[in-house]
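Visitor: sequence first, then the predicted structure, then my questions.
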Amino acid sequence: MPVALELSGVSKSFTMHLQGGVRLSVVADVAFAVGAGECVVLDGPSGVGKSSVLKMIFGSYRCDRGQILVRRGTQRADIASVAPRRILALRKDTIGYVSQFLRAVPRVPTIDVVAEPLVLNGAPRDAARKSATELLRRLNIPAALWGLPPATFSGGEQQRVNVARGLLPDLPLLLLDEPTASLDAANCAVVTDLIAEKKRRGTAIVAVVHDPKVRNDIADRIVDLTRFATAA
Amino acid sequence: MTDINGEQPLLIAEGVTKWYGRQLGCRNVSLELYEGEVMAVVGESGSGKTTLLQLLSAQMEATSGRVLYRMRDGATRDLATLGEAERRFLARTDWGYVHQDATLGLRMTVSAGANVGERLMAVGWRHYGRIRGAATNWLNRVEIDPARIDHPPRTYSGGMRQRLQIARNLVTQPRLVLMDEPTGGLDVSVQARLLDLLRGLVADLKLSAVVVTHDLAVARLLSHRIMVMKGGEVIETGLTDRVLDDPCQPYTQLLVASILPP
């Protein structure tokens, strides 16, 4: 099983200048690797830095020290040190991310919110929309909502739109931050199935999931971040 | 200067500084902008954002430092060494400049169609029917009813004027568009429509753009990278979501913390 992602010596702290320069150390020397087709679930109590680690892998948080190597074809790129342009390129064809909350753009209909990652990757708009509708249907978003912007949808609907957007492109590495937090059991099962399909296609997954059932269903391995937590 | 993919930047600023007498405009600003890339310049009023935009578009000469632009023939030239005619030709064809105040970017008393057509005539279009066809097409793209083509923009609302200004700028298929607070002064629903439109056009036309704004939501929506300015200097720069989600500098943290959640 080839390694898709490898973290070593990854450390993160925040300096809060508005609070008199308080320095909050989150994690230190985080090290783990994820193989293709494997799902690693990050564990530890709230505040231990699970989302921070996901965001460092995605590049939306700075990594103070260490390496975050992501495999892209035959090459490896270090997210902790590459230029912003390179991170954007990796997000297009290598790293997918499902955030906890959907950040909806005003006026953009749901179907285009979901199809956008494919369109940005050069897929024809019609084909991208068609794939988007298939996924929206599986996630039980009624067809009547596809043409509406998701800003006014319920929490669970927004989360499913977000999951659809994140899972639509087939990328080798997927980061999931509580993808089922506001979903009912039936929809949790759909998401679990979708994740299992991704794994069979060789996608490496790092997830933060609290729901014990979902976690049990998707995790191949648990990485407990408490052992990397720095005494705050 | 060559990037990993062998691409070269479209626009380069090297240590650009501008003094207005003893008053600092901006100091030691460097940047590289690649094709298809959108950079937001954020910061409070008086931080040097507009000065920088005017230096980048050769509307003003830098006190020191230089600005380089990759021409259509592939040669990267120092803007200060271009002749006046060459610079004007660039400004009328390869560049767009969207002003916050649409009256500065439009001719208010001639028709909307003429406002769009003028830029085409500057690049040698002569056939009236084709110019009008292109203008109609662009009015449609920016969601202005083509029935208004013969009306002058002084009869337009603020949001329509801004969209017309965008059409006028984009009709010559520029490679670089500089925007100074493009949504400033518009009410929020009009802003949302304009942002959505800009976002689509930038992606479809693979435009490079520098967008000056004090609105971090605009920066998040439109830009790939952000430059934060304060007191004429760049204090933080990086990937848009990294600067906004994990700001490092005290002033950037203050900016991000000052947004009122809706």
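Guide: Nice, I can see it. Numbers count the residues shown, from 1 in each chain, chains lettered A, B, ... in the order given.
Visitor: mind listing the strands for the stretch 51-200 of chain B?
Guide: B:64-70, B:76-78, B:95-98, B:176-180 (DSSP state E, counting those that start in this stretch).
Visitor: next, the buried residues of the first one.
Guide: When neighbours are counted by 16 or more other C-beta atoms under 10 Å in any protein chain shown, the buried residues of strand B:64-70 are found to be B:Gly65, B:Val67, B:Leu68, B:Tyr69, B:Arg70. (Glycine included, C-beta is placed from N, CA and C.)
Visitor: what lies in contact with it?
Guide: Here strand B:64-70 makes contact (C-beta atoms under 8 Å, 6 or more residues apart in numbering or on different chains) with B:8-17, B:28-30, B:55-56, B:58, B:76-80, B:90, B:176.
Visitor: before we move on, back to that, select, out of the strands of the stretch 51-200 of chain B, the one closest to B:Ile235.
Guide: Closest approach to B:Ile235 among the strands of the stretch 51-200 of chain B is made by strand B:64-70 (17.6 Å; C-beta to C-beta).
Visitor: most centrally placed residue in chain B?
Guide: Of all residues in chain B, the one closest to the mean position by C-alpha atoms, centre = their mean is B:Leu178, 1.7 Å from it.
Visitor: which parts of chain A sit against chain B?
Guide: A:14-18, A:55, A:59-62, A:83-88, A:105-108, A:120 (C-beta under 8 Å from any C-beta of the partner chain).
Visitor: now restrict those to buried residues only.
Guide: Among these, those classed as buried by 16+ other C-beta under 10 Å are A:14, A:17, A:55, A:59-62, A:84-88, A:105, A:108.
Visitor: strands - which of the residues you listed land there?
Guide: Within those, membership in strands is found for A:Phe14, as judged by DSSP state E.
Visitor: the helices in chain B, which residues?
Guide: Here chain B has its helices, by DSSP state H, at B:49-56, B:84-93, B:102-105, B:112-122, B:128-141, B:158-170, B:188-205, B:216-222, B:240-245, B:250-257.
Visitor: and the ones you listed: which comes nearest A:Leu148?
Guide: helix B:188-205 (14.3 Å).
Visitor: which helices and strands sit right next to that closest one?
Guide: helix B:158-170, helix B:216-222 (3 or more C-beta pairs under 8 Å, 6 or more residues apart in numbering or on different chains; DSSP states H and E).
Visitor: if we use 6 Å, what do you get?
Guide: Packed against helix B:188-205, as judged by 3 or more C-beta pairs under 6 Å, 6 or more residues apart in numbering or on different chains; DSSP states H and E, are no other helices or strands.
Visitor: and that helix with helix B:128-141, angle?
Guide: Put simply, helix B:188-205 runs at 120 degrees to helix B:128-141, going by axes from the mean of the first three to the mean of the last three C-alpha atoms, to 10 degrees.
Visitor: next, the angle helix B:158-170 makes with helix B:188-205.
Guide: Using the same axes, to 10 degrees: helix B:188-205 against helix B:158-170 is 20 degrees.
Visitor: contacts only, for the residue nearest to B:Ser223 when sequence neighbours are not counted.
Guide: Spatially, and ignoring its direct neighbours in sequence, B:Ser223 is nearest to B:Ala40 (3.6 Å; C-beta to C-beta, 6 or more residues apart in numbering or on different chains). The neighbours of B:Ala40, taking C-beta atoms under 6 Å, 6 or more residues apart in numbering or on different chains as the test, are B:Val211, B:Ala219, B:Ser223, B:Ile226.
Visitor: just the closest of the residues you listed to A:Asp112, please.
Guide: Distances from A:Asp112 to those, taken by C-beta to C-beta, are shortest for B:Ser223, at 19.8 Å.
Visitor: what sits against that closest one?
Guide: B:Ser223 touches B:Val38, B:Met39, B:Ala40, B:Thr240, counting by C-beta under 6 Å, 6+ apart.
Visitor: any idea how far B:Arg161 is from the last one?
Guide: To tie it back to what came earlier, the one meant is B:Thr240. Shown here: B:Thr240 relative to B:Arg161, a distance of 28 Å by C-beta to C-beta, to the nearest Å.
Visitor: could you do the first one as well?
Guide: Distance, B:Val38 to B:Arg161, by C-beta to C-beta: 22 Å.
Visitor: give me the below-cutoff pLDDT ranges for chain B.
Guide: Filtered on pLDDT under 70, chain B yields the residue ranges B:1-6, B:260-262.
Visitor: paired strands for the helix or strand harbouring A:Gly66, with orientation please.
Guide: Here A:Gly66 sits within strand A:65-72, counting by DSSP states H and E. Paired strands of strand A:65-72, with direction, are strand A:3-16 (antiparallel), strand A:75-78 (antiparallel) (DSSP bridges).
Visitor: please identify the buried residues of that strand?
Guide: By 16+ other C-beta under 10 Å, the buried positions in strand A:65-72 come out as A:Gly66, A:Gln67, A:Ile68, A:Leu69, A:Val70, A:Arg71, A:Arg72.
Visitor: about what we covered before: in a markdown table: the helices of chain B, plus mean neighbour count.
Guide: A markdown table is the format used below for the helices of chain B (neighbours: other C-beta atoms under 10 Å in any protein chain shown):
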| stretch | mean neighbour count |
| --- | --- |
| helix B:49-56 | 23 |
| helix B:84-93 | 15 |
| helix B:102-105 | 17 |
| helix B:112-122 | 21 |
| helix B:128-141 | 16 |
| helix B:158-170 | 23 |
| helix B:188-205 | 17 |
| helix B:216-222 | 20 |
| helix B:240-245 | 22 |
| helix B:250-257 | 17 |
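Visitor: so what's the closest residue to chain A within the stretch 51-200 of chain B up against?
Guide: Closest to chain A within the stretch 51-200 of chain B is B:Ala192: 3.8 Å, counting by C-beta to the nearest C-beta. B:Ala192 sits next to A:Pro106, A:Arg107 when contact means C-beta under 6 Å, 6+ apart.
Visitor: same thing with the one 4 residues further on?
Guide: With contacts taken as C-beta under 6 Å, 6+ apart, B:Asp196 has the following neighbours: A:Arg107.
Visitor: mind doing that once more with 7 Å?
Guide: Contact partners of B:Asp196, counting by C-beta atoms under 7 Å, 6 or more residues apart in numbering or on different chains, are A:Val105, A:Pro106, A:Arg107, A:Val108.
Visitor: ok, now which ones touch the third one?
Guide: Contact analysis of A:Arg107 by C-beta under 7 Å, 6+ apart lists A:Pro149, B:Ala192, B:Arg193, B:Asp196.
Visitor: what's the spacing between the last one and B:Val190?
Guide: It refers to B:Asp196. Distance from B:Asp196 to B:Val190, counting by C-beta to C-beta: 11 Å.
Visitor: quick check: residues of the stretch 51-200 of chain B near chain A?
Guide: Within the stretch 51-200 of chain B, the positions lying close to chain A (C-beta under 7 Å from any C-beta of the partner chain) are B:Ala192, B:Arg193, B:Asp196.
Visitor: with adjacent residues omitted, what lies nearest to A:Ala36?
Guide: Spatial nearest neighbour of A:Ala36, chain neighbours left out: A:Gly202 (4.6 Å); criterion: C-beta to C-beta, 6+ apart.
Visitor: my guess is that neighbour meets A:Gly37, correct?
Guide: Yes - counting by C-beta atoms under 7 Å, A:Gly37 is a contact partner of A:Gly202 at 4.8 Å.
Visitor: so which of the two has more stuff around it?
Guide: The neighbour comparison of A:Gly202 against A:Gly37 (other C-beta atoms under 10 Å in any protein chain shown) goes to A:Gly37, with 18 against 15.
Visitor: secondary structure class for that one?
Guide: coil (DSSP: H, G, I helix; E, B strand; the rest coil).
Visitor: now do the contacts for it.
Guide: By C-beta under 7 Å, 6+ apart, the contact list for A:Gly37 reads A:Met1, A:Lys199, A:Gly202, A:Thr203, A:Ala204.
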